[in-house]
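Q: Got a sequence here, can you build the structure:
(one chain, ligands or ions: 1)
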Amino acid sequence: MPWPSTRDTEVFSIIERETERQNTGLQLIPSENFASPQVLEATASVLTNKYSEGYPGKRYYGGNWVIDEAEELARSRVKALFGADHANVQPHSGANANLGVYLALLEPGDTVLGMSLDHGGHLTHGSPVNISGRTYNFVAYGVTRSDERLDYDQIRDLALEHRPRMIVAGATAYSRIIDPEPIADIAAEVGALFVFDAAHIAGLIAGGVHPNPTPHADIVTFTTHKTLRGPRGGCIICREDYAQAIDKAIFPGLQGGPLEHVIAAKAVAFHEAAQPEFAGYAHQIVANARALAESLAAEGLRIVSGGTDNHLMLIDLRSIDEELTGKDAQLALDEAGMTVNKNTIPDDPRSPFVTSGLRVGTPAVTTQGMQEAEMDQIGRWIARVLGDPGDRGELAAVREEVRTLCAKFTPYG
Ligand code: DSN
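A: Prediction:
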């Protein structure tokens, strides 16, 4: 073989150290998870070698009769999982899935309603720094001041005022149920398309702990690596009416050759999510999030909207220290072995690089088998660190306790 015979120790030592980091610390970023060994195996397979521009049965390259089976399997499994007419499993990411939908169904300048980024939406829901906000006329809705939840009447008022071509639902930092039915009614009333970005909650939907938007929305997009626990990637499911436009937008409109090794891994993940034990997993994610939120609240930390119905929560750091920023809190928690991400809270006076909040979630620790007792302990550790983030000795002490806990729940042994 003409391949190098010496191992690339530089790269593989990085991978080993990252495995060690994931094994010995707590991964509390709500958009992260641990992919299963079979998902990892498919992702690392020889399917990476194949060019397969096009779709099953309609490729621009020869030699795709086996690849076609993998992509067809992924499509049929995800359609069955969510009850969809059509699926496109090729988006490389959630952002590409959303852009593909816009490319398929909007004209530049069209008006779209989306949740504002600083209230929990996503960059691709119309942020002015993103191509979505630069290309389309996004009008933002948000959460109320009073209870920090979505107000469907406010969305309706905005829809009646702006007559959008499309309404986008979904969030990256919202801890409550997003009810697809009232939004579908609003979209129908104003003649708008209804797109539901289920990136964060796809696994909760598959596991039956969040309402499924598929019967109500024209199109649903999601990522496959968050609560759904698959490989890093995106997916679109839609009504048959939009199938052709969506497929054309993803390829040749937006992407080139699909990542068929990742698509095979998506098929594995869709199968895993269809198993009865996945419902138990999804229930436990939510139970764990509730337990963690209660533990944090008992320590005096304010949880935005007062709690959580899903896999995540936002901590308002001003509740324990007006001066403490999300940036500094994240650094201190990293040092103590707990990985979280700084996040703006609704109407945050600080920038997204600094923030007054933290976003914390339970999908990864739940995959490890942790339950309510461990969540209570994690909440107390977080409070201990945030109580005095400059105390390096205390951070080191918590780090050791975290390491001891993780040794009992190692994801990749
Ligand atoms: N989906 C975002 C997150 O929630 O982390 C990243 O784009």
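Q: roughly how far apart are the most centrally placed residue in the chain and the ligand?
A: What sits nearest the mean C-alpha location of the chain, by C-alpha atoms, centre = their mean, is H200, with 3.3 Å. Noted for H200: a distance of 6 Å to the ligand, by C-beta to the nearest ligand atom, to the nearest Å. Heads up, the C-betas are built off the backbone N, CA and C, glycines and all.
Q: Verify the stated contact: that residue with S175.
A: No - with contact defined as C-beta atoms under 8 Å, H200 does not reach S175; the gap is 10.1 Å.
Q: which SS state does the residue nearest to the centre of the chain fall under?
A: Following DSSP: H, G, I helix; E, B strand; the rest coil, we place H200 in the coil state.
Q: Give me the phi and psi angles of it.
A: phi -70, psi -30 (degrees, to the nearest 10).
Q: Chain neighbours aside, what residue packs nearest to whichever residue of the stretch 101-250 of the chain sits closest to the ligand?
A: Nearest to the ligand, among the residues of the stretch 101-250 of the chain, is T172, at 3.6 Å (C-beta to the nearest ligand atom). Nearest non-adjacent residue to T172, counting by C-beta to C-beta, 6 or more residues apart in numbering: H122, 4.9 Å away.
Q: ok, the one you found - contacts?
A: 94, 98, 115, 170-172, 197, 199 (C-beta atoms under 8 Å, 6 or more residues apart in numbering).
Q: In helices, which of the residues you listed appear?
A: Using DSSP state H to define helices, the subset of the contacts of H122 located there is 94, 98.
Q: Mind picking the two most distant members of the contacts of H122?
A: G94 and M115 (14.4 Å; C-beta to C-beta).
Q: neighbour count winner among the two?
A: Between G94 and M115, G94 has the larger neighbour count (other C-beta atoms under 10 Å), namely 30 against 27.
Q: measure the more buried one to R318 for me?
A: Distance of G94 to R318, given as C-beta to C-beta, to the nearest Å: 30 Å.
Q: now N137
A: Separation of N137 from R318 (C-beta to C-beta) stands at 34 Å.
Q: what's the pLDDT at the nearest residue to E372 once chain neighbours are set aside?
A: In space, and not counting its chain neighbours, E372 is closest to A291: 4.0 Å by C-beta to C-beta, 6+ apart. On pLDDT, A291 comes in at 99.
Q: So for the helix or strand hosting A291, what gets flagged as buried?
A: Applying DSSP states H and E as the criterion places A291 in helix 276-298. Residues 278, 281-282, 284-297 are the ones in helix 276-298 that count as buried (16 or more other C-beta atoms under 10 Å).
Q: And for stretch 346-360?
A: Neighbour counts using 16+ other C-beta under 10 Å place 346, 348, 350, 355-360 of stretch 346-360 among the buried residues.
Q: between these, which is nearest the ligand?
A: For the buried residues of stretch 346-360, the nearest to the ligand is R359 (7.7 Å; C-beta to the nearest ligand atom).
Q: Wasn't the closest one part of a strand?
A: Yes - R359: assigned to a strand according to three-state DSSP.
Q: number of nearby residues for the closest residue to it other than its chain neighbours?
A: Sequence neighbours aside, N343 is the residue nearest to R359 in space, at 3.8 Å (criterion: C-beta to C-beta, 6+ apart). Counted with other C-beta under 10 Å, the neighbours of N343 add up to 25.
Q: ok, now Q377?
A: Number of residues near Q377 (other C-beta under 10 Å) recorded here: 16.
Q: residues touching I167, list them.
A: 112-114, 155, 159, 183, 186-187, 192-195.
Q: Check these and tell me the two furthest apart.
A: I155 and L193 (14.6 Å).
Q: Next one: the closest residue to the ligand within the stretch 1-150 of the chain relative to A173, how far apart?
A: The minimum distance from the stretch 1-150 of the chain to the ligand, using C-beta to the nearest ligand atom, falls at S31 (3.4 Å). Computed as C-beta to C-beta, the S31 to A173 distance reads 10 Å.
Q: same question, R384
A: Distance from R384 to A173, by C-beta to C-beta: 24 Å.
Q: Enumerate every residue touching the residue lying closest to F353 once chain neighbours are set aside.
A: Leaving aside its chain neighbours, F353 sits nearest to K327 (6.8 Å; criterion: C-beta to C-beta, 6+ apart). Contacts for K327 were tallied using C-beta under 8 Å, 6+ apart; they are 342, 353-355.
Q: contacting residues for Q377?
A: 295, 405.
Q: Now it: phi and psi?
A: phi -70, psi -40.
Q: mind checking the SS state of N310?
A: Criterion first, three-state DSSP; result for N310: coil.
Q: From what I see, it and T172 are in contact.
A: No - in terms of C-beta under 8 Å, N310 does not count as a neighbour of T172; the distance is 11.6 Å.
Q: got the contact list for I236?
A: Shown in contact with I236 (C-beta under 8 Å, 6+ apart): 87-88, 91, 97, 100-101, 219-221, 246, 250.
Q: and it, what element?
A: Assigned by DSSP H and E, I236 falls within strand 234-238.
Q: Repeat that for G300.
A: Counting by DSSP H and E, no helix or strand carries G300.
Q: Repeat that for I15.
A: Using DSSP H and E, I15 falls in helix 9-24.
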